[in-house]
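**Student:** missing the sequence, but the structure's below:
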């Protein structure tokens, strides 16, 4: 056994995750990023967490805006995930390049068409942890749709396989 960044990354890749797009409004423009370091924290109050790399452009915007959306992607949204995973990419052509289309909530937060679920979040706290920040937010509203999730496993996108019988 050894502990290197590469081995740690490989081990963490064995944990299958869902894929989300974090979205926020900045001066009337949709900004976003792909994230799979996302989890529920509490039911009372309803809290989630998302971990964001300090170097991500969205990182500073989340601190400034204090409001963002979490869009849980469906298996048909791989192209959108790939688009928002590009750190150097600007997102003004997301609709044309990846098919990402958005509505706005009453509070102005972008909500992605076709996502399996959407959570509108208000930032509660932020804690630096290594090269990331853990953002904890209260969930103020949700939208849930039917479909199958986009998964990420061993550095690749995946779909849900067969269910394990009871």
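**Tutor:** Nice, thanks for sending it over. Quick caveat: nothing in here was measured; it's all calculated off a predicted structure.
**Student:** Could you list the residues in contact with stretch 119-126?
**Tutor:** Applying CB atoms under 8 Å, 6 or more residues apart in numbering, the contact partners of stretch 119-126 are 47-48, 62-63, 65-70, 72, 105, 107, 109, 111, 133-142. C-beta here means a position set from N, CA and C on the backbone, and glycine is covered the same way.
**Student:** ugh, wrong one, I meant stretch 23-35
**Tutor:** Counting by CB under 8 Å, 6+ apart, 19-22, 50-52, 56-58, 61-62, 64-65, 67-69, 71, 81-82, 84-85, 91-92, 94, 102, 104, 108-112 sit against stretch 23-35.
**Student:** first to last residue in it, what's the distance?
**Tutor:** Distance across stretch 23-35, first residue to last, is 10 Å (CA to CA, to the nearest Å).
**Student:** part of a strand, is residue 83?
**Tutor:** No - assigned with DSSP: H, G, I helix; E, B strand; the rest coil, residue 83 falls outside any strand and is helix.
**Student:** For PyMOL, what selects the buried ones among the contacts of stretch 119-126?
**Tutor:** In PyMOL syntax, the buried subset of the contacts of stretch 119-126 is picked out as below (16 or more other CB atoms under 10 Å):
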select buried, resi 47+48+62+65+67+68+69+70+72+105+109+111+133+134+135+136+137+138+139
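**Student:** taking the contacts of stretch 119-126 one by one, which sit in strands?
**Tutor:** Per DSSP state E, strands hold the following members of these: 47-48, 67-70, 72, 111, 133-142.
**Student:** Report the central residue of the protein.
**Tutor:** residue 20 (3.0 Å; CA atoms, centre = their mean).
**Student:** Just list the residues touching that residue, thanks.
**Tutor:** 34, 35, 36, 38, 50, 70, 71, 72, 73.
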